[in-house]
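Enquirer: coordinates for the following, if possible.
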Amino acid sequence: MTKDSTSGQELILETSLQTFFFDELTQVNQKSSRPLPRETVHYSSIVLDQYGESGKYFETVEGKVRDKVLGLKLLETCHMSRSKQVRALRDIGDTALFLCGFFSDSLNSKIIDTSYYQQVGCSAYRKLNHLVPEFYETPSFYEQLSKSFSGVTMLMNIVAEKMTKPDQFEGMLLFIGDRNIKAS
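Expert: Model prediction:
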C-alpha cells in the first residue's frame, strides 16, 4: 500500500482483484481463534473476484436481466445432466456465498434475508459434494465449505466493511459467535 500525497488516501496496488481479496481474507482469517483452511479462503477469494463483474450476479431470462432466483434454480438442478448440475450448484452456492458475505446488510432489510440464502447455499454445496467429492485435493471440500458457510461469510463481511470504513477497523477486536478476530 502507498499513500497518495495529494488526497492522503491509501492506494492499493495488487496484480489482481482475486489476489487482493485473498490477502484481505487471509489477514482477517489469521486473527481468528478458529481459522478456516487455506483452501477455503482461496476459494472464497475466487468467488469475490468473479462477482467483481456485476454480470455474474445477474441472469438474463427472455431478454430481461434480473436477480438469480436461487431457490428455484436449486430445485431445477435435479432435472439436469451431471455436468450442468455441477455448474448450476456451484453457481448457486457461490452466488449465495457472495450475497451473504458481501451484501448481508442489504439482505437483512428484505423479506428474504441472509438465513434463507445461507440455507440455499449450504444445500447447493452439499449436493455439489456428492458430484465432486474432492476439490483442491481436499476430500469433501464442498461439504466442508457448506459447514463453514457462516464463517466464510463472516470473513467476507469483515473485508467488505473494512473496504468501506477502514478507519473503524484499526485495532478493533471483533467478537462473532465463538470466534475472536482482531481486524487491522
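Enquirer: okay, Asp91 and Tyr51: tell me how far apart.
Expert: The spacing between Asp91 and Tyr51, counted by C-beta to C-beta, to the nearest Å, is 11 Å. Backbone N, C-alpha and C define where each C-beta goes, glycine included.
Enquirer: the bottom helix or strand of this structure by mean pLDDT?
Expert: strand 179-182 (a mean of 41; mean pLDDT, DSSP states H and E).
Enquirer: buried sites along the lengthiest helix in the chain?
Expert: Counting by DSSP state H, the longest helix found in the chain is helix 82-102. Neighbour-count burial for helix 82-102, counted by 16 or more other C-beta atoms under 10 Å, picks out 85-86, 88-102.
Enquirer: was I right to think Leu97 contacts Gln50?
Expert: No: here Leu97 lies out of contact with Gln50, judged by C-beta atoms under 8 Å, at a distance of 10.5 Å.
Enquirer: need the overlap of contacts for the two.
Expert: The overlap between the contact sets of Leu97 and Gln50 (C-beta atoms under 8 Å, 6 or more residues apart in numbering) is empty.
Enquirer: hey, where'd the helices end up in the protein?
Expert: 17-30, 38-50, 70-76, 82-102, 104-107, 114-131, 141-147, 149-164.
Enquirer: make JSON lines out of those helices and add distance to Glu59 and mean pLDDT.
Expert: Output for these, formatted as JSON lines (distance: least, C-beta to C-beta, whole Å; pLDDT from 0 to 100):
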{"stretch": "helix 17-30", "distance to Glu59": "22", "mean pLDDT": "93"}
{"stretch": "helix 38-50", "distance to Glu59": "14", "mean pLDDT": "95"}
{"stretch": "helix 70-76", "distance to Glu59": "9", "mean pLDDT": "93"}
{"stretch": "helix 82-102", "distance to Glu59": "9", "mean pLDDT": "95"}
{"stretch": "helix 104-107", "distance to Glu59": "18", "mean pLDDT": "64"}
{"stretch": "helix 114-131", "distance to Glu59": "15", "mean pLDDT": "95"}
{"stretch": "helix 141-147", "distance to Glu59": "22", "mean pLDDT": "97"}
{"stretch": "helix 149-164", "distance to Glu59": "22", "mean pLDDT": "89"}
